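Q: From the sequence below, what's the structure:
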Amino acid sequence: MNKTNLQELLPLGSIVTLKKGTKKIMICGRIQEEATTKKIYDYAACYYPEGILNPHELFLFQHEDVEFVYFVGMQDSEEFSFRDFLIGKLKEKGMLET
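A: Numbering: from 1, shown residues only. Here you go, the predicted structure:
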C-alpha cells in the first residue's frame with residue numbers, strides 16, 4: 001500500500017478488472033497484508049462470479065491496478081463507520097495522506 005486517500009478505496013463487493021487481467025474479480029477485503037512479504041495491499045479479491053474457490057488464492061492488488069469498475073459495492077452507514085475506523089487506524093500508522 002502506498003500512502004493513499006482512503007476515500008478513493010472501493011467498498012467490499014465491488015467488481016473490477018485489473019490492468020493486467022481480463023477476468024472480473026470481486027473485492028472481498030481491504031488493507032490486506034501478504035503473509036510472507038508483509039507488504040500491504042489496498043485490496044483482496046476473488047473471481048467473479050465464482051467466489052472464493054480457495055482462501056489461499058486471493059488476488060492482492062493496489063487501487064492503481066484497477067482498469068475498469070463494473071459495479072461499486074454497497075455503501076451504507078456501516079460502511080461509512082468502518083471507513084472512519086480505518087482512516088483513524090491508518091493515520092495512527094502514518095499510512096494515509098491527509
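Q: show me the residues around Tyr48 that make contact.
A: By C-beta atoms under 8 Å, 6 or more residues apart in numbering, Tyr48 lies in contact with Ile15, Lys23, Lys24, Ile25, Met26. C-beta coordinates here come from the backbone N, C-alpha and C atoms, glycine included.
Q: if we go to 6 Å?
A: Ile15, Lys24, Ile25, Met26 (C-beta atoms under 6 Å, 6 or more residues apart in numbering).
Q: Could you do Ile52 as well?
A: Counted by C-beta under 6 Å, 6+ apart, Ile52 has contacts Cys46.
Q: For it, grab phi and psi.
A: When read as degrees, to the nearest 10, the backbone of Ile52 gives phi -80, psi 110.
Q: Kindly report the same for Gly88.
A: According to degrees, to the nearest 10, Gly88 has phi -60, psi -50.
Q: So what's the residue count around it?
A: Counted with other C-beta atoms under 10 Å, residues neighbouring Gly88 total 10.
Q: any chance you could map the strands in this structure?
A: Ranges of strands within the chain are 15-18, 25-33, 40-47, 59-61, 66-71, based on DSSP state E.
Q: So which of those has the densest surroundings on average?
A: strand 40-47 (a mean of 21; mean count of other C-beta atoms under 10 Å).
Q: so what does it touch, helix or strand wise?
A: Secondary-structure packing of strand 40-47 (3 or more C-beta pairs under 6 Å, 6 or more residues apart in numbering; DSSP states H and E): strand 25-33, strand 59-61.
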